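Asker: Build me a structure from this.
(one chain, ligands or ions: 4)
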Amino acid sequence: MAKDKTRLSRRDFFKASGMLAAAAAGSVPALGGLEAASAQTTNSSGKWESAFSACDMCFNKCGCIARVQDGVVKKLDPNPKFLKSRGMLCARGNAGVAQMYAPDRLKYPLLRKGERGEGKWQRIPWDEAIDMMAEKMQDIRQKYTPCGHLFTAGADLQSKFVGRFAEVYGSYNVTSHESLCLLSGSRAFLDTFGEVPFADVLNSKYIIMAGANRFEALVTPDSIDLMTAMQKGSKLVVLDPRYTKTAALANEWYPIQPGTDMAFMLALAHVIINEELYDRKWIAEKTYGIDQLREHVQKYDPRFAAEECGIPAQDIARIARELAAAAPASMIYPGRRTSDYKNSTQVRRSFAIVNGLLGNWDQPGGLLAAREVGLKGVPYDAPWYDDNPDDRIDAHKVPMLFEHDGSFVLTRDAILEGKPYPIKGWFVYKTNPMGTAPNRAKTIEMCNSMEFMIVVDIAMSDTAWMADLVLPAPSYLERQDPASGLQGSVACACVVQRDPVVPALYESRPVFDVLKDVAGKLELGEYFDFTIEEYRKQQLRDLPGAAEAFRKDGVYYNPSKVYGIYEDRVYKTLSKKVELYNQRYEKMGVDPMPVYTPPAKPPKNRFRMVVGRSASVTQTSSQNNTVLHQLTGPNTLWLNTKAADKLGIKPGDLVEVASSVGKGELKVEITDGILEDTVYMLSGFGALSPQLSLIFGEGASMAAVLQEGYDEICGNAALHETFVSVTRKVAS
Ligand SMILES: Nc1nc2c(c(=O)[nH]1)N[C@H]1C(S)=C(S)[C@@H](COP(=O)(O)OP(=O)(O)OC[C@H]3O[C@@H](n4cnc5c(=O)[nH]c(N)nc54)[C@H](O)[C@@H]3O)O[C@H]1N2
Ligand SMILES: Nc1nc2c(c(=O)[nH]1)N[C@H]1C(S)=C(S)[C@@H](COP(=O)(O)OP(=O)(O)OC[C@H]3O[C@@H](n4cnc5c(=O)[nH]c(N)nc54)[C@H](O)[C@@H]3O)O[C@H]1N2
Ligand code: SF4
Ligand SMILES: [Mo]
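Answerer: Numbering: from 1, shown residues only. Ligands and ions are numbered 1, 2, ... in the order given. Okay, here's the model as predicted:
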């Protein structure tokens with residue numbers, strides 16, 4: 001496929017769109033969407049070009065092909081050669097064009113003029129913005145040591161440059177969206193199998209999906225493979241307090257009492273062990289701790305679990321037998337977001353243990369080990385700063401923090417306390433903690449405690465709204481990105497990269513360029529002494545076929561062994577085996593096996609709030625998309641029919657939902673598809689930023705209502721530990 005040879009240069013684009021003249025006259029018109037972009041393009045040749053890219057509307061990076069006419073992206077199609085996404089581009093993926101040409105895109109650097117969060121901005125030129133960044137960062141480093149600056153970056157191929165910058169600048173304080181997402185699950189599987197697995201959904205015969213919603217919360221290829229596997233006769237059992245679309249399509253759905261999954265999993269282990277439904281050879285050769293586990297699960301029989309979970313005991317016993325009969329082509333699906341409960345690592349350990357017990361590992365239909373993609377790192381020696389404190393600001397608060405991601409909620413608390421040391425600068429790239437970290441009031445306090453806060457985004461997110469300096473980024477279709485390895489099921493170990501499909505819009509600049517410029521001013525230029533092109537060459541140096549594959553197919557696959565990887569490999573655990581009993585936990589004084597504690601019950605007339613996804617939006621980042629906005633929102637509060645009756649609430653009433661930390665008002669949706677003591681609402685509404693013009697004033701903010709518990713082992717946020725009241729405000 002010919003790449004866009006006639007691609008317009010950035011200057012040509014502005015010229016063609018008439019913007020250069022307008023800019024010279026001092027008034028850059030707002031490109032009001034795709035139509036406006038096309039209308040402003042003169043000399044239309046009508047010629048279509050195609051270019052590969054990888055979708056960035058969520059972290060999955062599905063392969064796509066941009067169809068470009070006269071320098072304007074008109075359409076995105078799935079890349080059929082991209083096996084990970086199985087030739088699919090979801091609704092959000094298709095709406096990538098609208099994201100790029102959104103009228104609300106940030107267009108040039110903005111400096112706060114009024115009070116923080118007041119919304120008074122002054123447009124400044126880039127060189128001034130870079131000078132100011134360098135000056136403030138230097139100032140903070142001198143006053144508070146390099147660790148006095150926090151760096152936060154979301155899911156992105158360029159986030160690695162933020163980490164690199166933080167390291168050479170000298171700060172250990174780096175956080176990401178991950179401690180609001182999946183770290184407790186990663187912890188649990190790492191501490192059982194020695195690595196975080198992928199699920200071979202396609203070849204699985206029996207899947208228990210607990211606390212995951214693969215037909216709405218899309219994860220490729222799992223979402224598509226689940227459909228295929230079910231068409232081939234695979235059985236799906238869903239545990240979810242809500243009747244999700246995945247629940248609707250499952251063979252069996254159990255509205256499990258929130259926070260009780262561990263009781264269910266331990267009861268499965270009880271049946272499997274007591275009825276000797278496991279493979280003795282596997283247990284003897286590959287696992288550690290069967291005797292301790294046998295003893296541990298005796299008290300967790302199906303009757304006990306039934307009382308806790310609200311799932312009949314005979315069903316639990318039957319499911320255990322069916323799961324074992326299908327093993328090793330069966331699985332407790334590991335899930336993705338595990339930011340649920342204070343004991344989420346232990347809950348997910350119970351998932352991992354059942355898989356370990358059945359040997360659902362490294363074989364078709366079970367959990368799979370990661371594979372080599374062959375991508376090379378680009379090492380560097382960061383300078384040492386004598387004045388720095390010993391550790392991250394959130395260190396030692398939980399026993400097993402992930403060193404690279406830390407814990408956002410623990411970091412925020414430490415910053416607000418100013419202990420053990422002050423943090424006064426904050427750089428945020430492509431993540432929106434104001435909308436995605438629980439207890440928004442606290443995040444506002446954190447922003448207020450900063451001397452200087454910089455946000456790089458494509459839109460005026462709520463986090464950008466709180467910043468001192470807001471910098472416009474190009475969207476994924478406009479920038480060059482380093483290569484990245486992608487894994488997922490049997491579909492791949494592949495490598496993707498991005499090149500601009502069209503030149504960067506407005507004055508947007510990639511974060512790499514921004515950091516490189518600032519590094520230069522801070523005398524750290526030697527650590528950014530390369531272009532992305534050169535960086536990629538280094539990454540791909542052992543993959544001679546990659547460049548040609550990118551050109552031809554838009555993706556590079558490294559064919560490698562999928563199953564049996566561990567036949568001659570030792571597990572990266574203390575016992576060098578799959579740890580049913582965790583030796584390291586024992587040494588650290590953490591329960592070596594998951595001990596069940598019943599979750600607190602909501603007090604009378606209060607409800608447990610749970611978090612979940614819609615297929616047509618991502619977190620907080622696409623609700624304001626002109627296309628997706630028509631499909632989603634404003635958000636509603638799911639309330640059980642009986643609970644609504646008791647409260648005298650009728651369909652469509654406006655209700656106030658309030659926790660101990662915040663509240664919001666939204667319309668109610670009365671349904672039998674949620675447990676009586678549980679409520680749910682979609683995230684991403686109730687925004688504070690008026691520059692999210694489609695959704696400003698719509699619905700309620702989940703981040704404002706959620707309290708901020710955290711996982712006691714790794715500090716991952718615990719988003720489901722919030723009780724709320726629901727009160728009618730206005731009848732429908
Ligand atoms: N369309 C779309 N797709 C996405 C995303 C998106 O925003 N939109 N986000 C992506 C990201 S970053 C992630 S991490 C993944 C998330 O993927 P998932 O983890 O599958 O997503 P959630 O929708 O959060 O699913 C959690 C489910 O758990 C249920 N639940 C709540 N409490 C309990 C409990 O105690 N026990 C059980 N068994 N269930 C419970 C909730 O009702 C919810 O349906 O999705 C990814 N894919
Ligand atoms: N209430 C609530 N909180 C949650 C969750 C939830 O479901 N509900 N889910 C949790 C999970 S699983 C996760 S993964 C996290 C995700 O949390 P976040 O990382 O905060 O995810 P998003 O809300 O998608 O925010 C992404 C930000 O990046 C910006 N952006 C998009 N594209 C670009 C780009 O190309 N360049 C730049 N520079 N910026 C861009 C968007 O405008 C947006 O401001 O949230 C967690 N927190
Ligand atoms: S799942 Fe959808 S939004 Fe996510 S990368 Fe794939 S196409 Fe894009
Ligand atoms: Mo996530």
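
Asker: Can you read off the backbone torsions of Gly648?
Answerer: Dihedral angles of Gly648 (phi, psi; degrees, to the nearest 10) stand at phi 70, psi 30.

Asker: Just grab the bridge partners of the closest residue to it other than its chain neighbours for me.
Answerer: Using C-beta to C-beta, 6 or more residues apart in numbering and skipping the chain neighbours, the partner closest in space to Gly648 is Arg728 (6.8 Å). For the C-beta atoms, the positions are set from N, CA and C on the backbone; glycine is no exception. Taking DSSP bridges, one finds Val655 as the beta-bridge partners of Arg728.

Asker: what residues are up against Arg728?
Answerer: Arg728 makes contacts with Leu647, Gly648, Ile649, Asp653, Leu654, Val655, as judged by C-beta atoms under 8 Å, 6 or more residues apart in numbering.

Asker: Show me which of the residues you listed are buried.
Answerer: Taking 16 or more other C-beta atoms under 10 Å as the criterion, what is buried in those is Leu647, Ile649, Asp653, Val655.

Asker: Wait, the third one touches Val726, no?
Answerer: No - with contacts counted by C-beta atoms under 8 Å, Asp653 stays clear of Val726, the gap being 9.8 Å.

Asker: Overlap in contacts, the two.
Answerer: Val668.

Asker: could I get the contacts of Arg728 as CSV with pLDDT and distance to ligand 4?
Answerer: Shown next, in CSV, are the contacts of Arg728 (pLDDT from 0 to 100; distance: C-beta to the ion, whole Å):
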residue, pLDDT, distance to ligand 4
Leu647, 97, 32
Gly648, 97, 37
Ile649, 98, 31
Asp653, 98, 32
Leu654, 98, 30
Val655, 98, 28
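
Asker: out of these, which one sits closest to ligand 2?
Answerer: Taking C-beta to the nearest ligand atom as the measure, ligand 2 sits nearest to Val655 out of the contacts of Arg728, at 18.0 Å.

Asker: Does ligand 3 have contacts with stretch 327-342?
Answerer: No - counting by C-beta under 6 Å from any ligand atom, ligand 3 has no neighbours in stretch 327-342; the shortest distance is 12.3 Å.

Asker: What are the buried residues along that stretch?
Answerer: With the criterion 16+ other C-beta under 10 Å, stretch 327-342 contains buried residues 327-342.

Asker: Farthest-apart pair in the residues you listed, please.
Answerer: Ala329 and Lys342 (33.7 Å; C-beta to C-beta).

Asker: Show me where the stretch 301-450 of the chain has its helices.
Answerer: Shown for the stretch 301-450 of the chain, the helices assigned by DSSP state H, counting those that start in this stretch span residues 302-309, 313-326, 344-358, 408-417, 433-436, 440-448.

Asker: The residue of the stretch 401-550 of the chain found nearest ligand 3: what's its closest spatial neighbour, skipping adjacent residues?
Answerer: Per C-beta to the nearest ligand atom, Tyr476 is where the stretch 401-550 of the chain lies closest to ligand 3, at 9.6 Å. Distances taken as C-beta to C-beta, 6+ apart put Asp56 closest to Tyr476, at 3.5 Å, once the chain neighbours are dropped.

Asker: ok, how many other residues are close to the one you found?
Answerer: 26 (other C-beta atoms under 10 Å).

Asker: I'd assumed it was in a strand, is it?
Answerer: No - read with DSSP: H, G, I helix; E, B strand; the rest coil, Asp56 is coil and lies in no strand.

Asker: ok, it - contacts?
Answerer: Contacts of Asp56 (C-beta under 8 Å, 6+ apart): Gly96, Asp156, Ser475, Tyr476.

Asker: any weak-confidence spans in the stretch 451-600 of the chain?
Answerer: 491 (pLDDT under 70).

Asker: where along it do the helices fall?
Answerer: 462-465, 511-521, 532-539, 546-553, 583-588.

Asker: try the stretch 51-200 of the chain
Answerer: Under DSSP H, counting those that start in this stretch, the stretch 51-200 of the chain gives helices at 91-94, 96-100, 126-144, 159-169, 183-193.

Asker: which one of those helices is the most hemmed in?
Answerer: Most buried of the helices of the stretch 51-200 of the chain, by mean neighbour count (mean count of other C-beta atoms under 10 Å): helix 183-193, with a mean of 26.

Asker: what angle do it and helix 344-358 make?
Answerer: Going by axes from the mean of the first three to the mean of the last three C-alpha atoms, to 10 degrees, helix 183-193 is angled at 30 degrees with respect to helix 344-358.

Asker: Could you chop this protein up by domain?
Answerer: With automatic domain parsing as the criterion, the domains of the chain are listed as 10-100, 110-181+376-557, 198-368, 607-728.

Asker: what about the longest one, near ligand 1?
Answerer: Yes - counting by C-beta under 6 Å from any ligand atom, ligand 1 is contacted by domain 110-181+376-557 at Cys181.

Asker: so does that domain get close to ligand 4?
Answerer: Yes - on the criterion C-beta under 5 Å from the ion, domain 110-181+376-557 is in touch with ligand 4 at Cys181.

Asker: Near ligand 2, which residues of the protein? Just list them.
Answerer: 56, 154, 177, 180-181, 337, 339, 429-432, 435-436, 456-459, 461, 473, 475-476, 611, 618-621, 683, 702-703, 706, 719.

Asker: just checking, Lys205 touches Asn251?
Answerer: No - Lys205 lies out of contact with Asn251 (C-beta under 8 Å); the separation is 11.8 Å.

Asker: And those two? Which one has more around it.
Answerer: Counted by other C-beta under 10 Å, Lys205 and Asn251 do not tie: Lys205 has more neighbours, with 20 against 12.

Asker: which ones are touching the more buried one?
Answerer: Per C-beta under 8 Å, 6+ apart, neighbours of Lys205: Gly233, Ser234, Lys235, Ala326, Ala329, Ser330, Gly365.

Asker: on that earlier part again, how far away is the residue nearest to Tyr476 from ligand 1?
Answerer: 13 Å (C-beta to the nearest ligand atom, to the nearest Å).
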